[in-house]
Every structure is written in C-alpha cells, then in structure tokens.
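In: With the sequence up front, the predicted model follows.
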Amino acid sequence: MFPTFSLNNIKTYYWLGIFLNGWFILPNWVFFFRQHITQIQIGWVEGAAVLVGILMEVPSGALADLLGKKKTIIAGSLIIILACLVLINATSFTHFLIGNIMMFIGFSFQSGATEAFAYDSMKEKGTEQHYDVVAAKHTSLSIAATLFSTFVGGFLYSLAPEAPFYAWILFLSISIALLLYTTEPKIDTTRFSAKVYLTHLKEGVKTLFSHSLRNYLIPILMLPITIKLYQGLVRQSMAGYFGYTGETFGYLFALVSIPAIYLSFKYDLLRKFWSNKNILLFNLFSFMCAFFVASITQSLLWGGGVYLIINLTENIAKPLISSLINERIDSKHRATTLSTLSLVTQTPYIILVTFFAFMTEEVNLPSALL
C-alpha cells in the first residue's frame, strides 16, 4: 500500500504527510481573527504575510538545495510554532500582522523542501521510478490528516478559540522529532557560498520555464493560481455566506475530504486512463463549475457540494503537478524549482487579497465576480 516504506526517510515522509498537515485552524482562523480585527484588516494581514512568504519562496528553496532539505523543514516547523504562539496571544492588528508573517515564512521554508527531501531520498536508493505513487499516497495521508484535524479543530474551537493553535503546535513538534531520526539525502550536495547561492538561485528559476516543462507550463501555473485565489480568506468567507460557523465548517470540511482520500489512493490508476493535460484541464473546468454554483446559492447543502468538488480538485492537482515537475528536472534544482512555482502562483493572490477582503465583507464573492 505504501511503496518503499522500508526506507527510513520515506517512512518519515509518509508520517510528515500527517504531522505537517494538522490544519486544526483551517476552518476557523478567519473567525478567530475577526474577534479582534476587521475583515479589511484581515485582508491587509493576509496580503502582507503572503507577500513576505512569496519573496522568501525561491531563496528558501535554494537554501534547501544547498544547506539540506531536512534542516530547512525543521526550521520551517519551528518558525510556525513561534507564529502560533504569537497569534494565540494577539489582540491587535500589529500582533496579527507579525504572527501571520512569521507563519508564511515558515510555510516558505517547508514549500518544495519536503517533496525534494522525498524524491532525492528515493533517487539516492535508485527507487525514484515509484515517486508518483509515493506522492499520491503521501497526499492521501495529508487529506486524512486534514480530515481529522479540521473536524477536531471545529470541536476545539467551540471549546476555546485558541485551542486549534495548540493542537497544531503539537503536530508540528512531532514532525520535528521524526525528522531528527532521518538522514540528509546526498544527491547533488553542494558546498554553500554566496556565489554558489546566487548562481544556484538563477539556474533554479530558469528550470521552471525550461523546454522540459514547456508543454505543461500553462496548466501547471493556472490551476495552482486558481486554487490559491480561493483558499484562505475567500474559502472561509464563502462558508459564512452559506451559513457555516468556525465550528460547523470544520465538520463540513472533514466530511468532504473523505472522497478525496479514496481518489488520491487511486491516483496512479487515474493517470493510466487519462493524459496529464486532460486531468489538469478537467480540474480547471470542475473548479469553474463549483465557483459558478457558489455564485447563485446560499444553501447549506449546495455549499457542501461546492466544497466537495473543490476539495477533490485540489487534492488531484497537487500530486499530479508534483510528479510532472519532479520527473522533468534534475535533483540539484528540485527544491528551488518547486519554490519558484509557489512564488509565481501566489503572486496574483497577494495582488487581489485586499480587494477580496473588501468584497467578502459586503457580499458573497462568487456572486460579485459573476
């Protein structure tokens, strides 16, 4: 069921699929923030944090390639833990701004480095041909962890609004403990220097737009951009318009994650029957249809259907894009390239998030865009 589980690093990678995805705050962080700041201020906080995060994406990816994926993932988890502690005690706009910026810096350290850690570990042992299946199983575990944590997060929020943050801290602490017992893959290790860093950074950025990825570049960029524009502020604000709360949205999000777990387990079969481009294009079409339905209804039931479709789209896209990139680039630029993708696909969100915050304070955003 879990290929190459006997490899210690890959065993840990599977566990990281659980403990790096303890999204206990996912269904209620906007509700938590709104206890102290306005929707518009949340947009500013989110926009500034994402801006810092995307500026850190490529540098952190290059550092992961040069200094080690393991160390970079651990550093990211530690930064997020500190961010959670700041947010738990936040009472003002400044506190939320600082905490959210720290959190996105932590995300940028983990972005790309986790996948590169797994792929390079497999390549070191000559088992990289199984990576697409490993990535799909990792995604399945991530979805299962999201299902569990969002359901529990909704319940914890009903007990105390800050409780989901403490649960997330616990999961991140376990991820750090697990990584301490792994070894850094030795594939294409380079001695660090400022000159090597800058050269490596430049080459990694070029890789994303290279000939090897050219045929897939547009869908690889468009699908993550579309998903990112929906995530965060828009996702929870839509839930509010459908009639969900910080507690009940946690239960809904867990429920709609169940089909995504099954589908991600069958991901390798899906790739055998459909071409990569067709899967990417179908995901884009499904996302558009779901957003259209969201624009014309405020029903709890139809809203649940919208989140079901979008959840499936997100969790098919992630392993597919990861496989397409990892199969077509060399290992020494892997983390940098994945971080570059994250930077490019998050840029539209940073431009529009404050506008989205203004819109969602007044109306249902899909209705306004329609």
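Out: Sure thing, it's come through.

In: And the spatially closest residue to Lys69 that is not a sequence neighbour, how far from Ser237?
Out: In this structure, Lys69 finds its nearest non-sequential neighbour in Phe117, 3.7 Å apart by C-beta to C-beta, 6 or more residues apart in numbering. (C-beta placed from N, C-alpha, C; glycine too.) Taking C-beta to C-beta, to the nearest Å as the criterion, Phe117 is separated from Ser237 by 34 Å.

In: between the two, who's got more neighbours?
Out: Neighbours around Phe117 and Ser237, counted as other C-beta atoms under 10 Å, are more numerous at Phe117. The numbers are 28 against 21.

In: Test my guess that that one contacts Pro185.
Out: Yes. Phe117 sits in contact with Pro185 when judged by C-beta atoms under 8 Å, with a separation of 6.9 Å.

In: what residues are shared contacts of those two?
Out: Residues touching both Phe117 and Pro185 by C-beta atoms under 8 Å, 6 or more residues apart in numbering: 9, 69.

In: now the residue nearest to Lys69: how far from Ile325?
Out: From Phe117 across to Ile325, the span is 15 Å (C-beta to C-beta).

In: swap in Leu217?
Out: The spacing between Leu217 and Ile325, counted by C-beta to C-beta, is 10 Å.

In: how many neighbours does Ala317 have?
Out: What Ala317 shows, counting by other C-beta under 10 Å, is a neighbour count of 22.

In: Can you give me the buried ones in stretch 178-187?
Out: 178-179, 182, 184-185, 187 (16 or more other C-beta atoms under 10 Å).

In: Stretch 286-306 too?
Out: Buried positions in stretch 286-306, judged by neighbour count with 16+ other C-beta under 10 Å: 287, 290-291, 294-295, 297, 303, 306.

In: taking those one by one, which sit in helices?
Out: Members of the buried residues of stretch 286-306 lying in helices (criterion: DSSP state H): 287, 290-291, 294-295, 303, 306.

In: Go through those residues and name the one nearest Thr347.
Out: The shortest approach to Thr347 among those belongs to Phe287, at 18.7 Å (C-beta to C-beta).

In: Which residues are in contact with that closest one?
Out: Remark: with contacts taken as C-beta under 8 Å, 6+ apart, Phe287 is in contact with 223, 226-227, 230, 309-310, 313.

In: Among those, which pair sits farthest apart?
Out: Set against one another by C-beta to C-beta, these have their most distant pair in Leu223 and Ile309, with a gap of 14.0 Å.

In: on that earlier part again, looking at Leu217 and Ile325, which has the bigger crowd around it?
Out: Neighbours per residue, other C-beta under 10 Å: of Leu217 and Ile325, the larger number sits with Ile325, 23 against 14.

In: does the more buried one really touch Leu338, like I thought?
Out: Yes. In this structure Ile325 lies within contact range of Leu338 using C-beta under 8 Å: 6.4 Å.

In: Can you show me the strands along this structure?
Out: In the chain, no strands are found when defined by DSSP state E.

In: can I get the CA coordinates of stretch 285-294 in PDB?
Out: Only the C-alpha atoms of stretch 285-294 are listed here, as PDB (Å, rounded to 0.1, in the frame of the first residue of the first chain):
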ATOM      1  CA  PHE A 285     -13.300  23.100 -15.500                       C
ATOM      2  CA  SER A 286     -14.500  21.400 -12.300                       C
ATOM      3  CA  PHE A 287     -13.300  24.300 -10.200                       C
ATOM      4  CA  MET A 288     -15.000  26.800 -12.500                       C
ATOM      5  CA  CYS A 289     -18.300  24.900 -12.300                       C
ATOM      6  CA  ALA A 290     -18.100  24.800  -8.500                       C
ATOM      7  CA  PHE A 291     -17.500  28.500  -8.300                       C
ATOM      8  CA  PHE A 292     -20.500  29.200 -10.600                       C
ATOM      9  CA  VAL A 293     -22.700  27.200  -8.300                       C
ATOM     10  CA  ALA A 294     -21.400  29.100  -5.300                       C
END
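
In: Could I get the average pLDDT for it?
Out: Taken as a whole, stretch 285-294 has an average pLDDT of 84.

In: Same question for stretch 182-196.
Out: Across stretch 182-196, the per-residue pLDDT values average to 67.

In: sorry, back to before: which one's more surrounded, Leu223 and Ile309?
Out: For Leu223 versus Ile309, neighbours defined as other C-beta under 10 Å are more numerous around Leu223 (24 against 18).

In: Any figure for the gap between that one and Ser322?
Out: Leu223 sits 12 Å away from Ser322 when distances are taken as C-beta to C-beta.

In: now do Val234
Out: Distance check for Val234 against Ser322: by C-beta to C-beta, it reads 24 Å.

In: I'd like to check which residues are in contact with Tyr307.
Out: With contacts defined as C-beta under 8 Å, 6+ apart, the neighbours of Tyr307 are 239, 252-253, 256.

In: nope, Pro164 is what I was after
Out: Pro164 makes contacts with 24-25, 28, 32, 153, 156-157, as judged by C-beta under 8 Å, 6+ apart.

In: Then Leu252?
Out: Taking C-beta under 8 Å, 6+ apart, one finds 27, 239, 244, 303-304, 307 in contact with Leu252.

In: 6 Å - rerun?
Out: Gly304 (C-beta atoms under 6 Å, 6 or more residues apart in numbering).

In: Ok, His138 next?
Out: Applying C-beta under 6 Å, 6+ apart, one finds that His138 lies in contact with Gly17.

In: got it, and Gly76?
Out: 106, 109-110.
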